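Chemist: Prediction below, plus the sequence it came from.
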Amino acid sequence: MKAASLIGVIVAMAGLYLGAVMEGSNPMAVLNPSAMLIVLGGTFGATMAGTSFDKIKGIPTLYKKAFLSEAPDLPGRMQELVGYAEKARRDGLLALDEQTSSIEDPFTRKGLQLVVDGTDPELVAEVLEAENDAMRKRHQAGAQPFEKAGGFAPTMGIIGTVFGLIHVLENLDAPETLGPSISAAFIATLLGVASANVLYLPVANRLKQLSAEELHFRTMTLEGILSIQAGDNPRVVAEKLAAFVPPAQRPSEGDDTAAEGAQARAAA
Amino acid sequence: MKAASLIGVIVAMAGLYLGAVMEGSNPMAVLNPSAMLIVLGGTFGATMAGTSFDKIKGIPTLYKKAFLSEAPDLPGRMQELVGYAEKARRDGLLALDEQTSSIEDPFTRKGLQLVVDGTDPELVAEVLEAENDAMRKRHQAGAQPFEKAGGFAPTMGIIGTVFGLIHVLENLDAPETLGPSISAAFIATLLGVASANVLYLPVANRLKQLSAEELHFRTMTLEGILSIQAGDNPRVVAEKLAAFVPPAQRPSEGDDTAAEGAQARAAA
Amino acid sequence: MKAASLIGVIVAMAGLYLGAVMEGSNPMAVLNPSAMLIVLGGTFGATMAGTSFDKIKGIPTLYKKAFLSEAPDLPGRMQELVGYAEKARRDGLLALDEQTSSIEDPFTRKGLQLVVDGTDPELVAEVLEAENDAMRKRHQAGAQPFEKAGGFAPTMGIIGTVFGLIHVLENLDAPETLGPSISAAFIATLLGVASANVLYLPVANRLKQLSAEELHFRTMTLEGILSIQAGDNPRVVAEKLAAFVPPAQRPSEGDDTAAEGAQARAAA
Amino acid sequence: MKAASLIGVIVAMAGLYLGAVMEGSNPMAVLNPSAMLIVLGGTFGATMAGTSFDKIKGIPTLYKKAFLSEAPDLPGRMQELVGYAEKARRDGLLALDEQTSSIEDPFTRKGLQLVVDGTDPELVAEVLEAENDAMRKRHQAGAQPFEKAGGFAPTMGIIGTVFGLIHVLENLDAPETLGPSISAAFIATLLGVASANVLYLPVANRLKQLSAEELHFRTMTLEGILSIQAGDNPRVVAEKLAAFVPPAQRPSEGDDTAAEGAQARAAA
Amino acid sequence: MKAASLIGVIVAMAGLYLGAVMEGSNPMAVLNPSAMLIVLGGTFGATMAGTSFDKIKGIPTLYKKAFLSEAPDLPGRMQELVGYAEKARRDGLLALDEQTSSIEDPFTRKGLQLVVDGTDPELVAEVLEAENDAMRKRHQAGAQPFEKAGGFAPTMGIIGTVFGLIHVLENLDAPETLGPSISAAFIATLLGVASANVLYLPVANRLKQLSAEELHFRTMTLEGILSIQAGDNPRVVAEKLAAFVPPAQRPSEGDDTAAEGAQARAAA
């Protein structure tokens, strides 16, 4: 299910909200304007200072991506690539030309187009690996603001609380306001720690996981494209790609495939 | 003994329980509904937000695995592989064909089947290494939710405590409830730190150790299969594999084996 | 926009200032002479002790760089390099000689000059990679004082606060000054945490990001120069460089370029 | 001196004991049964849960090793290997056969036996490197329980203290026992932090250092054995091995050796 | 200026001292015998337990090195090596023989002596790289006690403080000594944090920086020696070495050198 990340954030928020209500607190107290200015403003500023406007502008898109991306369909892509391998084996590599334009995934399309165009295998690998490497770096740079915000937010919360405590301690002559004042000071800590652990760090984790999955997906695709270009038997292609698919999702029993593929190859 | 991990968790829990009882506390106080909502709910949500439903659904299986897995039998596997090497040396590689189907371990079976099928040694290594690499990544991804939960739980505990303290401080006019209220607030910290250090982090450590052991086991198997395929003398196979077995578990005195293996090879 | 980092620091400071004012504190209280001596002096000394005068002297330049550097113009450089490739394809490599002296970027100029001079491709790559490697190390060493200061400042703040608390506790017989004294002691913590999270760590993050961008930029340039030297078709050059440019900034639709480039190459 | 680690632990304990006595505390107060149950029991359980019985059973041996191991004798081994090189140069490699059985170090003996048996140099390197790699992993796994215990102990201490504080706060109506009760609660923190920093982490550091020294020692031995097998002039062997010995311990002035070795080689 | 590190430590100490005086504290209070026993004794013992007597004995030498080492003279070494290249080009490699004995730097002398002796280039590289690798490991091991002490000192301070607080809390019936007693307890924390951040961690940072500089210096030297041995034109040598020198310190404008060097090479 693709909304795991969004549901996770909602579950975490609900847990904190209900738990706070149950112990008699008013969880809405965290929406304190001065604490929000210090914690959210300070975190936003410190994060922006360490990155660029482009990264900051990309944050809403990345939230959407973290909340709504689906896991890549490894078995589906494997079958798709084995299908191309079968066609190439039967009708030659050029027969793939008519199919490439209708391929939805740009990476697969670009790779197969390079193969159809008779590009040197090493150049195909080089161009596609450069794409993957650049993607990996982009993803890493994209997750960074969330990680940095997750690090700055609690310390901004502490800054807010210490500011508040300093103010309280300077005015110890009004003991009846002491409790509420200290209480208000701690709201900044609460806001800082809670925002980091609910809104920033889980999203950073999710983005890194999505990046790893996408890279795994593309590495499998690259392996398949190179195997097709090398003229491998479709069974050998399937066997090579099966290693990328978790055992539980493999279309047929892995060992048979392996054995048959090798026989096919030995016979080729 | 395979239940070391389960016993460890029980020992840790018993230590905390008895120690708390001995100092006069009621350890069952941690089963406070509001603290549990905040700490367990918040940790669960934040962990889920950073991963996917599949990972979350796999958690019970991983607990079972962490609690019940046995260490791989390195000397047994070594002897098994040396046995195949002897058979292959005596009767030829194809003689292994009848045995492969009865091999219990899928990885060994797949590898030997590839060898029997006459697959190119480099392709055998490539396919099996791809399996191992994919397994390593799967294990890493499997241990991650436990590590992340171990990081989120104490901060969720702090959030719960700060919520409670804010509530207490707002109501300082009822000094007779002050102690119990602060006491209740600290239960969240207790629950967060204790769950992280007893239920999440030790299991993450255990899963990572199991993964390293399994990878070591498979690397030895791969080395043995390639050595068999290369037609190595069984003694050379034994000598190569001996390095993977801890000295105390080696079937015969390592140096003799090495020397004899080398003599055998020199004579071959 | 190039001043993102400066604006970020200002936003963070404004958030802290306004939030503090709103909760009734006087944010200017942090400008306490003794706290500043301990925190700023201690941080400066500890940072300088771990580095050298040269690094310390370079700090103002690095602040300016962090606050005012623009992101490198990847599409512009790509088009520039493709232009050289076209000229070289049309008129020969030596035709680039007249252009090299007018190239603004020293790295591109040095690289193309080496190419025009008929230097061996491997030596070109070696010299330029050595430049990049040395640059990377210089940048890393440049960001280090900011990272170290970001680590020392909060602990210096704690030292200042503990000094203050010790002083307060020794003189508990004057309860009327207790609050203000403890308050003053906490200013050191505030100053330490705030300076680290607003002035040092965000700048360290920014410098590291600028370094990564510059390295990416130069790696693209190096790839382009080697491709020009190899006599690649301009379309192949464009295709190779496109992988370095984020998809959204690519001049033409990546896949077409790739396809056409490969066709051109196949036809070459 | 080989007992540096044991003396270090004793010095640390003595410092803590005497310092506590001097400030009027009773350091034996840490031997509080409930704190020990929570801290030692909890740490032991959490550490065991993350590892296996074998690792736990190996702990006493590792303590003995950490406390009593001597630094490897690099110059001695260098001279021993140069001696073998001289004998091999004078009388042929086979002349080493009679010596190998009397070599005390199993690694050197195994390596030279392989050489005497006429094993292929690449196989010698492969077998010995596999031994070293397996040793490195075993050592790493051996130091892990100490590192993990060093991480768990302080948090178990905090758990014990929070348990105690919760108990105290629930019973604020008996102010005369307040001080001693809070005092007792803090003993758990003390025990956790002290055991981690005196008994676990220094031993983990020591084991890691011993492992690095042993690996360095074996790498030098491997280099020497391969150099002997290659028929290098004893002076070249000495020159190659000298780089592994710290300058202050080198038998003769390094540069002379290098120069003479090279001359000898040039003349060979 | 070579004493940057010493000046840094003095600046940090002066900042802490003056700041403490200015807020009315007596900074000499940290020289409390019981706190010093616990913090300095505990840190020394724990550090020694994790290392060896040799490392401990080397600490005064390393302090001297950290405080008094000068930055290596990269442009000077570059010119020296280009000078040898010119002589070798003019009079042959053997002409360097008379110079080598008067070279002050042992690494350069050893390298050039190997070259003059007609040693195989690969062996020259291997011997010198082994020297560098061993130096890097020695430096790493040398900085470790300072890093470890920087980690142990604050926790030893906490142990001292908790010991003191336990003692205070056990004797709450003497409220007039409460303040001074708690105050004394906090001196241990102060001493631990201050010693770590002024005396240990900055020195560890400095030693690591010196090691990196020395390695960079030696890598440049090695590159130059190999280039001289290969018979490169002195301008090519200069061009290769220029990449190791920061742009601001390069003797002539880098691009010209590069261009001329390449022309010279092309003409050679």
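Modeler: Sure thing, it's come through. Residues are numbered from 1 along each chain as shown, chains lettered A, B, ... in the order given.

Chemist: so where's chain A uncertain?
Modeler: Applying pLDDT under 70 to chain A picks out residues A:1-2, A:251-268.

Chemist: looking at chain A, which residue lies furthest from center?
Modeler: For chain A, the largest distance from the centre (C-alpha atoms, centre = their mean) belongs to residue A:173, which lies 52.6 Å off.

Chemist: Based on its surroundings, how many neighbours for the spatially closest residue to it that is not a sequence neighbour?
Modeler: Spatial nearest neighbour of residue A:173, chain neighbours left out: residue C:179 (7.9 Å); criterion: C-beta to C-beta, 6 or more residues apart in numbering or on different chains. Where you see a C-beta, it was placed from the backbone N, CA and C, and this is true even at glycine. Residue C:179: 18 surrounding residues under other C-beta atoms under 10 Å in any protein chain shown.

Chemist: name the element residue C:179 belongs to?
Modeler: If you go by DSSP states H and E, residue C:179 is part of helix C:178-195.

Chemist: Report the buried residues of that helix.
Modeler: By neighbour count on 16 or more other C-beta atoms under 10 Å in any protein chain shown, the buried set for helix C:178-195 is C:178-179, C:181-195.

Chemist: Heading C-terminal from that helix, find the next helix or strand.
Modeler: That would be, after helix C:178-195 and using DSSP H and E, helix C:201-229.

Chemist: so that next one versus helix C:178-195, what angle?
Modeler: Orientation note: helix C:201-229 sits at an angle of 0 degrees relative to helix C:178-195 (axes from the mean of the first three to the mean of the last three C-alpha atoms, to 10 degrees).

Chemist: Could I get the contacting residues of residue A:134?
Modeler: Neighbour list for residue A:134: C:243-244, C:246 [criterion: C-beta atoms under 8 Å, 6 or more residues apart in numbering or on different chains].

Chemist: ok, and the closest non-adjacent residue to the residue in the stretch 1-150 of chain A that chain E sits nearest to?
Modeler: Chain E sits closest to residue A:50 of the stretch 1-150 of chain A, with a gap of 21.5 Å, by C-beta to the nearest C-beta. Using C-beta to C-beta, 6+ apart and skipping residues adjacent in sequence, the residue nearest residue A:50 is residue C:205, 2.9 Å away.

Chemist: one step back: hmm, residue C:202 and the residue of the stretch 1-150 of chain A closest to chain E touching each other?
Modeler: Yes - at 4.2 Å, residue A:50 counts as touching residue C:202 under the criterion of C-beta atoms under 8 Å.

Chemist: How much space separates the residue nearest to residue A:173 from chain E?
Modeler: 15 Å (C-beta to the nearest C-beta, to the nearest Å).

Chemist: just checking, what packs against the helix or strand harbouring residue A:65?
Modeler: Assessed by DSSP H and E, residue A:65 sits inside helix A:59-68. If contacts are counted by 3 or more C-beta pairs under 8 Å, 6 or more residues apart in numbering or on different chains; DSSP states H and E, helix A:59-68 sits against helix A:4-22, helix A:121-170, helix A:201-229.

Chemist: wait, does the following helix or strand past the first one contact chain C?
Modeler: Towards the C-terminus, the helix or strand next in line after helix A:4-22, according to DSSP H and E, is helix A:33-36. Yes - judged by C-beta under 8 Å from any C-beta of the partner chain, helix A:33-36 comes into contact with chain C through A:33-36.

Chemist: Filter these down to the buried ones and express that as a ChimeraX selection.
Modeler: In ChimeraX, this line selects whichever of the residues of helix A:33-36 next to chain C come out buried by 16+ other C-beta under 10 Å:
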select /A:34,35,36
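
Chemist: Just put the residues of helix A:33-36 next to chain C in TSV and tack on distance to chain E.
Modeler: As requested, the residues of helix A:33-36 next to chain C are exported to TSV (distance: C-beta to the nearest C-beta, whole Å):
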residue	distance to chain E
A:33	33
A:34	27
A:35	28
A:36	32
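
Chemist: Between the residues of helix A:33-36 next to chain C, which sits nearest chain D?
Modeler: Ranked by distance to chain D (C-beta to the nearest C-beta), these are led by residue A:35 at 25.8 Å.

Chemist: who touches both of residue A:50 and residue C:202?
Modeler: C:5, C:8.

Chemist: The residue nearest to residue A:173 against residue A:167, yeah?
Modeler: No - at 10.5 Å, residue C:179 does not count as touching residue A:167 under the criterion of C-beta under 8 Å.

Chemist: before we move on, the earlier item: how about the residue farthest from the centre of chain A, secondary structure?
Modeler: On the three-state scheme (DSSP: H, G, I helix; E, B strand; the rest coil), residue A:173 is labelled coil.

Chemist: Please report how far it lies from chain B.
Modeler: 16 Å.

Chemist: quick one, phi/psi of that residue?
Modeler: The phi and psi values for residue A:173, taken as degrees, to the nearest 10, are phi -80, psi 0.

Chemist: Please tell me how far it sits from chain E.
Modeler: Per C-beta to the nearest C-beta, residue A:173 is found 20 Å from chain E.

Chemist: try residue A:192
Modeler: According to C-beta to the nearest C-beta, residue A:192 stands 23 Å off from chain E.
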